[in-house]
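S.K.: pasted the sequence and its predicted model underneath.
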Amino acid sequence: MKILELDLGNSFLKWRLRDGAWVGAVQRILITDLSLDWPLEWSGIQRVYLAAVAQQALQSALIQRFQQMGVQVELAQTQAVCAGLKNAYAEPERLGVDRWLVMLAAWKAQPSACAILDAGSAITLDYIAADGQHLGGYILPGVSILRQSLLNNTARVMAGAETRAAVLSPGRTTDACVDNGRLHLLKGFVQSVQEEAAGFQIKRWILTGGDGELFKPWLPNAEYQADLVLDGLQWMFE
Ligand SMILES: Nc1ncnc2c1ncn2[C@@H]1O[C@H](COP(=O)(O)OP(=O)(O)O)[C@@H](O)[C@H]1O
Ligand SMILES: CC(C)(COP(=O)(O)O)[C@@H](O)C(=O)NCCC(=O)O
Ligand SMILES: [K+]
């Protein structure tokens, strides 16, 4: 059966095709480049699995497009419990479905204590204990949002195009001060949560999300897995 897996985040729509054991390459498009008449070039798809945390209107428009093609869309919903993984939220459905799916994918791949850092539009961190209990987590502004919110709320901090050329040393231009400052902030966060995770007996670290690579130097033993949201969809529906 030909399945289309979709991850509608706050910055990008990511997708891949799956047919039995065959899995296609992941592709992505910026949400701002998505129009309602965006061509859906897929043919012969029998099902669509969708994880969405973007605006409701966009989610509904996407679902409607597939329905017009006669294709059923399975919309992922955050669960309270699945496969021994237990959501920490008192109102489980309020936990972002992308967070739930990355936890599910990590837990299914290896049911052991872990910390999962997902650096997308927002940065999320979630802890899972050895018995599958989600211990909760954190939501932070993402790498781009951090910079953009600074530029948007100050009159004279004017930086040029965004780069990833930052270093951990004092800047001598506005650009360098902004970018290097952000790097220090993120490193400090990672160091702080590593201490906390150790207190929870968590040694396994997993990195994901569009900006996941940026965190690698501070988490050298982390597994980097680019497509955990899409991986999680399979576990939810099959
Ligand atoms: N052209 C781009 N436009 C916007 N963000 C980009 C771009 N290239 C890389 N990024 C980075 O990718 C991040 C989004 O990563 P991703 O995991 O795909 O997010 P989401 O799941 O929230 O859509 C952004 O926060 C930004 O830092
Ligand atoms: C925290 C998020 C914005 C992350 O989204 P993303 O960066 O992947 O676009 C998303 O998981 C979300 O909207 N969560 C709902 C609030 C919560 O998880 O408590
Ligand atoms: K994210």
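M.R.: Cool, the structure landed. Numbers count the residues shown, from 1 in each chain. Ligands and ions are numbered 1, 2, ... in the order given.
S.K.: wait, Lys187 touches Leu219, no?
M.R.: No. Look at Lys187 against Leu219 with Cβ atoms under 8 Å: they stay out of range, at 10.4 Å. (Each C-beta comes from the backbone N, C-alpha and C, glycine too.)
S.K.: elements contacting the longest helix along the chain?
M.R.: Scanning the chain for the helix with the most residues, using DSSP state H, yields helix 174-199. Packing partners of helix 174-199 (3 or more Cβ pairs under 8 Å, 6 or more residues apart in numbering; DSSP states H and E): strand 114-119, strand 122-128, helix 143-152.
S.K.: which residues touch the longest one?
M.R.: Residues lying outside helix 143-152 but in contact with it, judged by Cβ atoms under 8 Å, 6 or more residues apart in numbering, are 11, 119, 121-123, 141, 157-159, 162, 178-179, 182, 185-186, 211, 214.
S.K.: that helix and ligand 1, any residue contact?
M.R.: Yes. Residues of helix 143-152 are located near ligand 1 by Cβ under 6 Å from any ligand atom, namely Val143, Ser144.
S.K.: and what of stretch 209-217?
M.R.: Yes. Using Cβ under 6 Å from any ligand atom, we find that stretch 209-217 touches ligand 1 at Gly209, Gly210, Asp211.
S.K.: same deal with stretch 82-97?
M.R.: No. Stretch 82-97 stays clear of ligand 1 (Cβ under 6 Å from any ligand atom), getting no nearer than 9.8 Å.
S.K.: count the neighbours of the closest residue to Ala115 other than its chain neighbours for me.
M.R.: Excluding the flanking residues, the one nearest Ala115 by Cβ to Cβ, 6 or more residues apart in numbering is Ala197, at 4.7 Å. Number of residues near Ala197 (other Cβ atoms under 10 Å) recorded here: 19.
S.K.: from Trp218, how far off is Ala197?
M.R.: Per Cβ to Cβ, to the nearest Å, Ala197 is found 13 Å from Trp218.
S.K.: same check, this time on Trp15
M.R.: 30 Å.
S.K.: domain ranges for the protein, per the record?
M.R.: Listed by the TED database, the domain ranges of the chain are 2-75, 112-143+175-227.
S.K.: which one of those is the most hemmed in?
M.R.: domain 112-143+175-227 (a mean of 17; mean count of other Cβ atoms under 10 Å).
S.K.: pick out the residue of this protein closest to ligand 3.
M.R.: Gly120 (2.9 Å; Cβ to the ion).
S.K.: would you map the strands across the chain?
M.R.: Listed in chain order, the strands of the chain (DSSP state E) span 2-8, 12-19, 22-23, 27-30, 47-52, 72-75, 81-82, 85-86, 114-119, 122-128, 134-141, 204-208, 223-224.
S.K.: next up, the contacts around Leu168.
M.R.: Taking Cβ under 8 Å, 6+ apart, we find Leu168 in contact with Asn180, Leu183, His184, Lys187.
S.K.: could you tell me how many residues sit around the residue lying closest to Met236 once chain neighbours are set aside?
M.R.: Distances taken as Cβ to Cβ, 6+ apart place Ala76 nearest to Met236, at 5.5 Å, with adjacent residues excluded. Other residues near Ala76 number 22, with proximity taken as other Cβ under 10 Å.
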